[in-house]
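*Asks:* Pasting the sequence and the predicted coordinates here, then a few questions.
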Amino acid sequence: MRPIDWIVLVATLLLIVAYGMWKGRRQRHLAAYLLADRKLRWPTIGLSIMATQASAITFLSTPGQAYVDGMRFVQFYLGLPVAMVILSITAVPIFHRLKVFTAYEYLETRFGVGTRTLTAILFLIQRGLSNGITIYAPAVIVSVILGWNIHATNIIIGLLVILYTTSGGTKAVSWTHVHQLLIALGGMAVALIIAIHALPVGFLDAVRVAGRMGRLNAIDFSFDVTTPYNFWSGMIGGLLVALSYFGTDQSQVQRYLTGSTVAESRLGLLINGMVKVPMQFFILFVGAMVFVFYQFVAPPLFFNSVERARVASTAEYAWLEEAHRTNFVARRAAVLEMLHNPAATSRVRALQREEDSTRRAALDLIRKKHPGADANDTNYVFLTFVTQFLPAGVVGLVLAAIFCAAMSSTAAGLNSLASTTAVDVVKRLVWRDATDHQYVVVSKWLTIFWGVFAIAFAEFAGRLGSLIEAVNKLGSLFYGTILGIFLLAFYTKEISGTAASLGAIIGEAAVLWCAAFTNLAWLWWNVIGCAVGVGAAVVIQSVILSGAKDLQRTA
């Protein structure tokens with residue numbers, strides 16, 4: 001990085017932290033600290049919702065996902081707009097009418113404190129671990145590309161977020177989200193423009209290359225439960241993920257609980273529903289254009305420079321490098337021919353399969369020589385392009401964009417973890433007679449605790465493969481189960497808290513079994529958790545009622 005890149009990066013981060021601390025100053029009441037006094041308008045709510053979900057993982061790993069697998073990942077979000085409409089009709093008015101601080105507070109009014117506590121604990125586990133991944137993502141950037149120690153980088157990023165989230169609460173989080181998301185999207189847009197401008201062919205020709213090489217395969221209507229990215233998994237599994245994430249995950253619910261009215265919260269959700277799919281399509285398209293760029297400029301055989309350096313001196317890797325260079329020369333010529341002669345497409349695809357085979361051989365070699373190596377290359381594709389080919393100043397802007405995205409989602413996570421622990425555990429079960437200001441102080445200390453926890457888990461995130469898949473897989477272990485509890489609360493009257501809690505435990509066990517012992521795609525884990533949890537609760541309730549009737553007859 002050049003001096004101008006450092007200036008852009010450091011200045012952006014310091015301004016964001018300072019702005020967050022200033023915007024959220026003097027928060028002495030719990031409603032102000034956790035819910036911004038319920039005074040936010042729909043533009044802020046909508047951008048905050050999108051920024052919470054669009055972490056650094058989105059901007060770092062998603063383009064790499066498109067590079068290696070095309071744009072199929074966009075199908076993960078197909079059910080999201082439908083979910084936003086359902087939640088706007090059901091969850092938003094209920095939460096506003098009850099004036100709850102957390103989504104789980106509502107469950108006590110329906111099922112009792114036991115179910116509320118169980119659901120809150122499931123959320124705390126899932127979100128606490130996910131926050132570690134969102135801290136780790138930008139740490140990868142700095143440690144691999146700039147040569148920083150990854151442990152120190154995890155701590156620096158975590159401390160920056162802890163600083164303004166602890167001092168400013170939800171108001172600081174929501175207002176910084178607006179600027180962070182705009183910076184992140186702006187950085188991606190600049191990267192896309194420069195990538196297209198650097199190509200030796202025109203934009204339409206670049207799109208043709210991406211399409212003929214299978215990188216624009218956005219929609220797949222085939223039904224296959226072992227594949228996470230098709231239309232059906234997106235509309236069914238993705239719908240349940242979105243319903244659970246935006247309707248029961250406190251990191252998102254807290255964003256629209258800050259709305260001044262039901263209408264403001266609804267508009268914030270609906271804007272997210274309209275914008276999220278096009279935004280993800282845009283980010284994936286950036287990755288597809290980076291793929292086209294590397295059809296004309298030789299890419300590295302393995303993008304992770306640290307792992308590549310460990311085997312670069314071996315004879316096996318030298319042989320693979322030679323095969324890689326030979327393939328690139330032939331493939332570039334074939335791609336240029338394909339633009340004028342579509343019949344050459346089969347030749348291009350055959351060469352791409354050979355290249356994929358060479359890359360897999362390099363991966364196997366790295367794993368063989370260093371069993372503990374970070375063998376997933378997806379996370380490094382976009383970053384390598386940024387640092388090697390973008391001009392001075394723009395590199396700093398894109399890195400700042402990724403850091404801003406990391407800080408926005410991490411801040412929302414810490415804020416929601418603190419509020420759930422303070423309201424659903426401390427205030428409800430541990431310290432019931434404290435003053436409002438004392439609960440604010442507790443919330444701040446809890447923010448620090450969860451920040452330290454996230455930093456600690458970030459040390460292990462590098463072993464989880466593609467980050468964008470890892471964070472969604474982790475969520476899918478819990479989202480279906482939690483959603484099942486809320487569906488029972490919203491739409492049934494007969495199910496008791498005991499039946500709902502036992503059903504949730506059975507549903508979670510079913511999900512963990514599927515994850516450990518089947519090849520069922522992770523999007524379908526949400527369906528299993530929800531369906532088994534609801535079904536088990538219904539069966540348990542019928543047994544309870546049957547037993548009660550037998551006792552009455554006996555009496």
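*Replies:* It's in. Note that this is a predicted model, so its numbers are computed, not measured.
*Asks:* From residue 407, how far out is the nearest residue to residue 186 once chain neighbours are set aside?
*Replies:* Nearest residue to residue 186, sequence neighbours excluded (C-beta to C-beta, 6 or more residues apart in numbering): residue 401, at 6.8 Å. Heads up, the C-betas are built off the backbone N, CA and C, glycines and all. Using C-beta to C-beta, to the nearest Å, residue 401 is found at 11 Å from residue 407.
*Asks:* re the thing from before, helix or strand for the residue nearest to residue 186, which one?
*Replies:* Here residue 401 sits within helix 394-420, counting by DSSP states H and E.
*Asks:* State the next helix or strand along the chain beyond that helix.
*Replies:* Counting by DSSP H and E, the element after helix 394-420 in chain order, helix or strand, is helix 436-458.
*Asks:* Tell me who's in contact with the residue nearest to residue 161 when sequence neighbours are not counted.
*Replies:* Spatial nearest neighbour of residue 161, chain neighbours left out: residue 410 (4.7 Å); criterion: C-beta to C-beta, 6+ apart. Contact analysis of residue 410 by C-beta atoms under 8 Å, 6 or more residues apart in numbering lists 55, 131, 134, 135, 157, 158, 161, 454.
*Asks:* List the contacts of the fifth one.
*Replies:* Which is residue 157. 135, 138, 139, 403, 406, 407, 410.
*Asks:* Farthest-apart pair in these, please.
*Replies:* Across the contacts of residue 157, no pair lies farther apart than 139 and 407, at 12.2 Å, counting by C-beta to C-beta.
*Asks:* Neighbour count: these two, which is higher?
*Replies:* Legend: neighbour count by other C-beta atoms under 10 Å for residue 139 and residue 407, higher for residue 407 (30 against 27).
*Asks:* got a list of what residue 246 touches?
*Replies:* Contacts of residue 246 (C-beta under 8 Å, 6+ apart): 49, 83, 84, 87, 252, 253, 269, 272.
*Asks:* oh, I was asking about residue 234
*Replies:* Counted by C-beta under 8 Å, 6+ apart, residue 234 has contacts 75, 76, 77, 78, 79, 523.
*Asks:* Now do the fourth one: how many residues are near it, please.
*Replies:* Using other C-beta under 10 Å, residue 78 has 22 neighbouring residues.
*Asks:* And it, its phi and psi?
*Replies:* phi -60, psi -30 (degrees, to the nearest 10).
*Asks:* helix/strand/coil for the residue nearest to it when sequence neighbours are not counted?
*Replies:* Using C-beta to C-beta, 6+ apart and skipping residues adjacent in sequence, the residue nearest residue 78 is residue 234, 3.7 Å away. Three-state call for residue 234 (DSSP: H, G, I helix; E, B strand; the rest coil): helix.
*Asks:* sorry, back to before: take the contacts of residue 410 and write them to CSV, including pLDDT and secondary structure.
*Replies:* As requested, the contacts of residue 410 are exported to CSV (pLDDT from 0 to 100; DSSP: H, G, I helix; E, B strand; the rest coil):
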residue, pLDDT, secondary structure
55, 72, coil
131, 84, helix
134, 79, helix
135, 82, helix
157, 81, helix
158, 86, helix
161, 84, helix
454, 88, helix
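*Asks:* could I get the residues you listed as TSV with distance to residue 242?
*Replies:* Output for these, formatted as TSV (distance: C-beta to C-beta, whole Å):
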residue	distance to residue 242
55	16
131	20
134	19
135	24
157	27
158	28
161	25
454	24
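*Asks:* Most widely separated two among those residues?
*Replies:* Greatest spatial distance in the contacts of residue 410: 55 and 158, 13.8 Å, computed using C-beta to C-beta.
*Asks:* Which is the succeeding secondary structure element to the lowest-mean-pLDDT helix or strand in the chain?
*Replies:* In the chain, no helix or strand scores lower on mean pLDDT, DSSP states H and E than helix 467-476, which sits at a mean of 68. Scanning forward in sequence from helix 467-476 by DSSP H and E, the next helix or strand is helix 479-491.
*Asks:* buried sites along that next one?
*Replies:* Neighbour-count burial for helix 479-491, counted by 16 or more other C-beta atoms under 10 Å, picks out 479, 480, 481, 482, 483, 484, 485, 486, 487, 488, 489.
*Asks:* what do you get for stretch 369-386?
*Replies:* Here stretch 369-386 shows 373-386 as buried, counting by 16+ other C-beta under 10 Å.
*Asks:* same thing with stretch 508-527?
*Replies:* In stretch 508-527, counting by 16+ other C-beta under 10 Å, buried: 508, 510, 511, 514, 520, 521, 522, 523, 524, 525, 526, 527.
*Asks:* Between all of these, which two are at the greatest distance?
*Replies:* The distance between the two most remote of these (C-beta to C-beta) is 18.3 Å, for 508 and 521.
*Asks:* who has more neighbours, residue 55 and residue 158?
*Replies:* More neighbours surround residue 55 than the other of residue 55 and residue 158, with 30 against 26 (other C-beta under 10 Å).
*Asks:* show me what contacts that one?
*Replies:* Residue 55 touches 134, 137, 405, 406, 408, 409, 410, 471, counting by C-beta under 8 Å, 6+ apart.
*Asks:* what sits against the third one?
*Replies:* For residue 405, the residues meeting the contact criterion (C-beta under 8 Å, 6+ apart) are 51, 54, 55, 56, 58, 59, 180, 181, 184.
*Asks:* Residue 77 versus the fifth one, what's the distance?
*Replies:* Here the distance between residue 58 and residue 77 works out to 11 Å (C-beta to C-beta).
*Asks:* Can you pull the residues that touch both of these two?
*Replies:* residue 280.
*Asks:* Of those two, which one has the most company?
*Replies:* residue 58 (25 against 21).
*Asks:* shouldn't the more buried one be in contact with residue 286?
*Replies:* No - taking contacts as C-beta atoms under 8 Å, residue 58 lies outside contact range of residue 286: 11.1 Å.
*Asks:* Residue 368: how many residues sit nearby?
*Replies:* 11.
*Asks:* In three-state terms, label it for me.
*Replies:* helix.
*Asks:* pLDDT score assigned to it?
*Replies:* Listed pLDDT for residue 368 reads 87.
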